[in-house]
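**Student:** Show me the folded form of this:
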Amino acid sequence: MELDDLKTTWNNIGGTAGQQKMDVAQLVKDREVKYGATLRRIILPEILGSIVCVAAAVFIGVQWSGLETTLMQTTGILAITLLVLIPAISFWSTAGLRNRPNLSQPHADTLRHFALQKLQFFKLQKLSVLLSYLLLVAVIVLMSGMYGRNDIAENKYFWMLSITVGYVFLVFYARWVEKYYQKSIDGAEVLLREIGL
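**Tutor:** Residues are numbered from 1 along each chain as shown. Sure thing, here's the model as predicted:
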């Protein structure tokens, strides 16, 4: 009788240990899925923004015949260059985030690698925002030249108002995006730390 009880207890303990291994593996898998979903909240808007930028560059290229003066053509070249450069920076900044963490490395190395990717991402995002300010001015000049009347282009209040409103909008939008990205990346980092537990 004692032998049967001992066998039953032993099998229960072995089954529990096997179940715990499966639970831990499932937990790690769930965290990896959440990690990917968290980073997709950054990557998808970047892809959509890149598509809009490239479409705007194509639009300016199609409207090239409307750019009659040297100033407008130079501004058009600058705008097209920025509209292609900003998505390239976006792609480069998110390239490190798209890679899954290598969980075969020691956990400290994985976290260190993620921290380096995070720093690179935010540095490139700041560069992208800086270039967006220059793009704002180029687009206002282009739109006033392509669609504006001569009295609007010569009106100093138009320039003061449009650049001020555009600048204020871009400042608030850039801060909102930075907070959103910071929250998403911090959430991904927490999930990455939980994977290693």
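**Student:** For the residue nearest the centre of the chain, give me its contacts.
**Tutor:** Centroid-nearest residue in the chain: Ile42, 4.1 Å away (criterion: C-alpha atoms, centre = their mean). Neighbour list for Ile42: 94, 97, 181, 184-185 [criterion: C-beta atoms under 8 Å, 6 or more residues apart in numbering]. Bear in mind the C-beta positions are built from the backbone N, C-alpha and C, glycine included.
**Student:** Check the spacing between Arg193 and Gly187 real quick.
**Tutor:** The gap separating Arg193 from Gly187 is 11 Å, by C-beta to C-beta, to the nearest Å.
**Student:** From the chain's centroid, how far away is the helix or strand Ala88 falls within?
**Tutor:** Per DSSP states H and E, Ala88 falls inside helix 70-98. Computed by C-alpha atoms, centre = their mean, to the nearest Å, the separation of helix 70-98 from the middle of its chain amounts to 15 Å.
**Student:** got it, and stretch 179-194?
**Tutor:** 13 Å.
**Student:** Out of the contacts of Ile42, which comes closest to Met146?
**Tutor:** Thr94 (31.9 Å; C-beta to C-beta).
**Student:** Would you check that that closest one makes contact with Phe122?
**Tutor:** No. Judged on C-beta atoms under 8 Å, Thr94 makes no contact with Phe122 at a distance of 11.8 Å.
**Student:** So between those two, which is more surrounded?
**Tutor:** Thr94 (21 against 15; other C-beta atoms under 10 Å).
**Student:** mind listing what the more buried one touches?
**Tutor:** Here Thr94 is in contact with 42-43, 46, 121 (C-beta under 8 Å, 6+ apart).
**Student:** how about the helices of this protein, start to end?
**Tutor:** Here the chain has its helices, by DSSP state H, at 2-62, 70-98, 107-147, 150-153, 156-195.
**Student:** Give me the local confidence score for the nearest residue to Val84 once chain neighbours are set aside.
**Tutor:** Nearest residue to Val84 in three dimensions, chain neighbours excluded: Ala57, at 5.6 Å (C-beta to C-beta, 6 or more residues apart in numbering). Listed pLDDT for Ala57 reads 94.
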